[in-house]
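Visitor: This is the structure alone, sequence omitted:
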């Protein structure tokens, strides 16, 4: 059993669609982070959520931290092919990553 | 450019060999890490190291050892390589482990190790 469970594992959508990926745990976290990894590169930090219920926006990406600080979600509006990549949630304090969601946005 | 750089990018070697992967960061970070990413893209911590403390994931075989000549470098030595060691190895750095909460890892581009 992983500390951070992500769903779905794979997601293939058409350009312009909306999507949400989830990061869930039974543990409470002081913060959670989201990264995006592209082929041949290391993960790149997108955002850190710290406060329960917090919502952060990064252009078309909206990140939410659950009220109980056990889960987080990433919502992408009007997905574009450039959003294609592996999305990872992580707890830096626990040195743990989720299993990732591989997103493919088709033109 | 400020970054985490690791070399080599690709490493193909035979079973039983000993190899090293080098990592350097010029970000002034205090903590460095090695992660292993398997074929299913799962990132698993191997080591976390600052100038005071080495945290070892107990599941990592003792054939793997980190070596840090100074705060900016954390190299990974692997002895007696096995087929199952094939993976992508990522070096990363951050400010003080776990603090500030808003801070994240900066990763290198990875080293794809293939053991044949």
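Guide: Right, received. Where do you want to start? None of these values were measured; they are calculated from a predicted model.
Visitor: Confirm that residue B:66 sits in a strand.
Guide: Yes: per DSSP: H, G, I helix; E, B strand; the rest coil, residue B:66 lies within a strand segment.
Visitor: how near is it to residue B:91?
Guide: Going from residue B:66 to residue B:91 by Cβ to Cβ, to the nearest Å gives 10 Å. Any C-beta I mention is one placed from the backbone N, CA and C, and that applies to glycine too.
Visitor: go on, residue B:61?
Guide: 19 Å.
Visitor: Compare the two (neighbour count), which wins?
Guide: Remark: of residue B:61 and residue B:91, residue B:91 carries more neighbours, 31 against 13, as counted by other Cβ atoms under 10 Å in any protein chain shown.
Visitor: pretty sure that one is touching residue B:107, no?
Guide: Yes: here residue B:91 reaches residue B:107: they are 7.3 Å apart, a contact under Cβ atoms under 8 Å.
Visitor: between the two, what contacts are shared?
Guide: Here residue B:91 and residue B:107 share the contacting residues B:4, B:35, scored by Cβ atoms under 8 Å, 6 or more residues apart in numbering or on different chains.
Visitor: quick revisit: what is in contact with residue B:66 and residue B:91 at once?
Guide: Contact with both residue B:66 and residue B:91 is made by residues B:34, B:74, B:76, according to Cβ under 8 Å, 6+ apart.
Visitor: Name the SS class of the first one, please.
Guide: Following three-state DSSP, residue B:34 is assigned to strand.
Visitor: need the contact list for the residue in chain A that chain B sits nearest to.
Guide: Distances between chain A and chain B by Cβ to the nearest Cβ are smallest at residue A:42, namely 2.8 Å. With contact set as Cβ under 8 Å, 6+ apart, residue A:42 has these partners: B:4, B:90, B:92, B:107-110.
Visitor: Give the pairing partners of the helix or strand bottoming out on mean pLDDT in chain B; include direction for each.
Guide: Taking mean pLDDT, DSSP states H and E as the measure, the helices and strands of chain B show their lowest mean at strand B:54-56, namely a mean of 80. Strand B:54-56 pairs in its sheet with strand B:43-49 (antiparallel), by DSSP bridges.
Visitor: Near chain B, which residues of chain A? Just list them.
Guide: For chain A, the contact set with chain B under Cβ under 8 Å from any Cβ of the partner chain comprises A:30-31, A:33, A:35, A:37, A:40-45, A:48, A:50, A:86, A:88, A:90, A:92-93, A:95-97, A:99-100, A:102.
Visitor: Could you pick out the buried ones from these?
Guide: Buried residues within the residues of chain A next to chain B, counting neighbours by 16 or more other Cβ atoms under 10 Å in any protein chain shown: A:31, A:33, A:35, A:37, A:42-43, A:45, A:48, A:50, A:86, A:88, A:90, A:92, A:95-97, A:99-100, A:102.
Visitor: Which of the residues you listed fall in strands?
Guide: Using DSSP state E, the subset of these located in strands is A:33, A:35, A:37, A:45, A:48, A:86, A:88, A:90, A:96-97, A:102.
Visitor: Output those residues as CSV; include the columns pLDDT.
Guide: Listed next are these as CSV, based on pLDDT from 0 to 100:
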residue, pLDDT
A:33, 95
A:35, 97
A:37, 97
A:45, 95
A:48, 93
A:86, 98
A:88, 98
A:90, 95
A:96, 91
A:97, 95
A:102, 97
